[in-house]
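Undergrad: Here is the input, now give the coordinates:
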Amino acid sequence: MQAPRRGRGRYSPPVTSASLLASALPAATGGFLLFDPESLLPALGPWALAGISLMIFIESGVLFPFLPGDSLLFTAGLLHEALGLQVWVIALCAFVAAFLGDQVGYLLGNRFGRRWFRPDARILKTAHLEKAEAFFAKYGGVSLILGRFVPIVRTYVPLAAGTAGYRYRSFLLFNVTGAFLWAVGMVVLGSLLGGIPLIRDHVDVWAIVLVLLSVTPVAIAGLRGLLRTRRERAATDRA
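TA: Residues are numbered from 1 along each chain as shown. Sure thing, here's the model as predicted:
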């Protein structure tokens with residue numbers, strides 16, 4: 001029997017849990033499935049818990065805010081039996097992922113500040129960071145708790161805290177509190193409401209409602225900013 005020749009054939013990298021998840025997630029998310037947790041979570045199969053943790057980690061501070069954080073956690077709690085997962089396991093993993101994501105966001109802000117942001121960037125827009133900085137300046141450390149419940153803001157507030165040089169011990173305290181209230185609260189809320197037939201039988205509708213409620217503060221803030229800009233322009237024109 002001949003020994004295989006070196007340099008021939010294709011190299012097959014070792015299969016790891018991370019690589020399996022990376023291949024499963026895009027396959028499961030086809031198109032807008034990423035924003036449909038009711039379909040996404042069952043599609044991930046045994047990787048559902050890892051998928052939840054990965055998306056919460058990314059949205060919490062790795063500068064990619066366009067993930068279904070609120071509806072994902074709520075739906076995970078709602079469907080925990082169908083997913084074969086216990087509520088406390090989902091809640092714990094989500095809490096750890098949210099906490100670690102904010103830690104990364106703070107460290108990135110503390111080290112790199114505004115250097116990565118550009119006005120015309122697709123994701124790392126200067127406008128996103130400026131809004132988070134304004135939010136942080138207005139509410140201080142409490143913004144790390146309040147910001148958890150506001151999409152986009154929750155991604156950039158840790159970065160704003162790091163950029164502003166906010167005291168790390170205080171950040172750590174607010175980060176733990178915010179991560180717990182948001183991650184654990186949303187999962188437990190979903191599991192409790194899962195016993196109500198009207199909600200259990202219309203998960204897709206309630207997920208959309210939850211997303212709309214989550215983005216309402218951002219929409220209101222944007223509308224106020226637009227109206228303020230128009231008033232300022234009108235005042236300038238009259239002058």
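Undergrad: these two touch, right, residue 106 and residue 60?
TA: No: with contact defined as Cβ atoms under 8 Å, residue 106 does not reach residue 60; the gap is 10.6 Å. All C-beta spots, glycine's among them, are computed from the backbone N, C-alpha and C.
Undergrad: Mind listing the shared neighbours of these two?
TA: Overlap of the contact sets of residue 106 and residue 60 (by Cβ atoms under 8 Å, 6 or more residues apart in numbering) consists of residue 158.
Undergrad: between those two, which one's more packed in?
TA: Higher neighbour count among residue 106 and residue 60: residue 60, with 31 against 24, using other Cβ atoms under 10 Å.
Undergrad: Tell me which residue is most central in this protein.
TA: residue 59 (2.6 Å; Cα atoms, centre = their mean).
Undergrad: How about the contacts made by that one?
TA: Contacts here follow Cβ under 8 Å, 6+ apart; on that basis residue 59 touches 65, 67, 69, 101, 154, 155.
Undergrad: what about 6 Å?
TA: For residue 59, the contacting residues are 67, 69, 155, taking Cβ atoms under 6 Å, 6 or more residues apart in numbering as the criterion.
Undergrad: same check, this time on residue 99
TA: When contacts are counted by Cβ under 6 Å, 6+ apart, residue 99 touches residue 179.
Undergrad: what's the spacing between it and residue 38?
TA: As for residue 99, its distance to residue 38 is 26 Å (criterion: Cβ to Cβ, to the nearest Å).
Undergrad: And for residue 192?
TA: Residue 192 is 18 Å from residue 38, where distance means Cβ to Cβ.
Undergrad: which of those two has more neighbours?
TA: In this view residue 192 and residue 38 are compared by other Cβ under 10 Å, and residue 38 has more residues nearby, 20 against 13.
Undergrad: Check the offset of whatever helix or strand that one lives in from the chain's centre.
TA: Assigned by DSSP states H and E, residue 38 belongs to helix 37-44. Remark: helix 37-44 is offset 16 Å from the chain centroid, using Cα atoms, centre = their mean, to the nearest Å.
Undergrad: pLDDT averaged over it, what's the number?
TA: When pLDDT is averaged over helix 37-44, the result is 84.
Undergrad: buried residues in that helix?
TA: For helix 37-44, the neighbour count (16 or more other Cβ atoms under 10 Å) marks 37, 38, 39, 40, 41, 43, 44 as buried.
Undergrad: can you check stretch 139-157 too?
TA: Neighbour count says stretch 139-157 has 141, 143-157 buried, by 16+ other Cβ under 10 Å.
Undergrad: CA atoms of it as CSV?
TA: Taking Å, rounded to 0.1, in the frame of the first residue of the first chain, the C-alpha atoms of stretch 139-157 are listed here in CSV:
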residue,chain,number,x,y,z
TYR,A,139,-28.0,59.6,32.2
GLY,A,140,-24.5,58.8,33.4
GLY,A,141,-23.9,55.3,34.6
VAL,A,142,-27.7,54.6,34.7
SER,A,143,-27.6,54.7,30.9
LEU,A,144,-25.8,51.4,31.0
ILE,A,145,-29.0,50.0,32.5
LEU,A,146,-31.5,52.0,30.5
GLY,A,147,-29.6,51.6,27.3
ARG,A,148,-30.0,47.8,27.5
PHE,A,149,-33.6,48.2,26.6
VAL,A,150,-33.0,50.5,23.5
PRO,A,151,-31.8,48.9,20.3
ILE,A,152,-28.6,50.3,18.7
VAL,A,153,-28.1,52.4,21.9
ARG,A,154,-27.2,49.3,23.9
THR,A,155,-24.5,48.5,21.4
TYR,A,156,-22.8,51.9,21.6
VAL,A,157,-23.3,53.0,25.2
